[in-house]
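S.K.: Below: sequence and its predicted model.
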Amino acid sequence: MSSQKPEKMKNSIFNFNRVLAALKTSVSTPVKEKRDLSGIIKDFEFVYELSWKTLKELLLFEGKSSTGPKDVFRQAYSLGYLDDETIWLNIIEARNQTVHTYDEKKAEAMVKGIRDSYMAVFDNLSTLFKTVDD
């Protein structure tokens, strides 16, 4: 697969791994100020966006078309690229809620969800992309 992989997909995988590394740094750093919460949430948004856009590139490479994030995650799940469709639908919902994180308690809850639930899912996706990128 890698010898014929389009440059756009290679770039998308590279960028996904770059923003995932930034998110890992953010979540592993103690939150000392409110802006730390904002930084984690912003990094989460970047990882989310590149998750579905990179999967979309992979689906295009497989000859599949998709209409948006929900469709991309469902198709990727049905093709066996993702282990758990529900968690990805939850991630979509969490991403949609990021615009409402002006409330500190909501921001703290979101960061907890990112740390406790979503990081492992993003790591699994990174592993998938490494197998595709080889």
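M.R.: Noted; the coordinates are in hand.

S.K.: what's the closest non-adjacent residue to the spatially most central residue of the chain?
M.R.: Centroid-nearest residue in the chain, with C-alpha atoms, centre = their mean: residue 48, separated by 3.2 Å. Take residue 48 and drop its neighbours on the chain: the residue closest to it by C-beta to C-beta, 6 or more residues apart in numbering is residue 95, 4.6 Å away. Yep, even glycine has a C-beta here, placed from its N, CA and C like the rest.

S.K.: helix or strand right after the host helix or strand of the residue nearest to the centre of the chain?
M.R.: Using DSSP states H and E, residue 48 maps to helix 34-61. Downstream of helix 34-61, the first helix or strand assigned by DSSP H and E is helix 69-78.

S.K.: That following helix - contacts with which helices or strands?
M.R.: helix 34-61, helix 85-97 (3 or more C-beta pairs under 8 Å, 6 or more residues apart in numbering; DSSP states H and E).

S.K.: Report the rounded mean pLDDT for that helix.
M.R.: In this model, helix 69-78 carries a mean pLDDT of 96.

S.K.: Contacts made by it with the rest, please.
M.R.: 52, 55-56, 58-59, 64, 66, 82, 84-85, 88-89, 92 (C-beta atoms under 8 Å, 6 or more residues apart in numbering).

S.K.: Show me which pair in those residues is furthest apart.
M.R.: Farthest apart among the contacts of helix 69-78 by C-beta to C-beta are 64 and 84. That separation is 19.6 Å.

S.K.: So for the two, which sits in the more crowded spot?
M.R.: Ranked by neighbour count (other C-beta atoms under 10 Å), residue 64 and residue 84 place residue 64 first, with 15 against 12.

S.K.: Chain neighbours aside, what residue packs nearest to the more buried one?
M.R.: Residue 64 sits nearest to residue 75 (C-beta to C-beta, 6+ apart), 5.7 Å away.

S.K.: Would you check how far apart that neighbour and residue 68 are?
M.R.: 11 Å (C-beta to C-beta, to the nearest Å).

S.K.: if you count what's nearby, which of those two comes out ahead?
M.R.: The neighbour count for residue 75 versus residue 68, taken as other C-beta under 10 Å, is higher for residue 75 (20 against 10).

S.K.: Thank you kindly, that will do.
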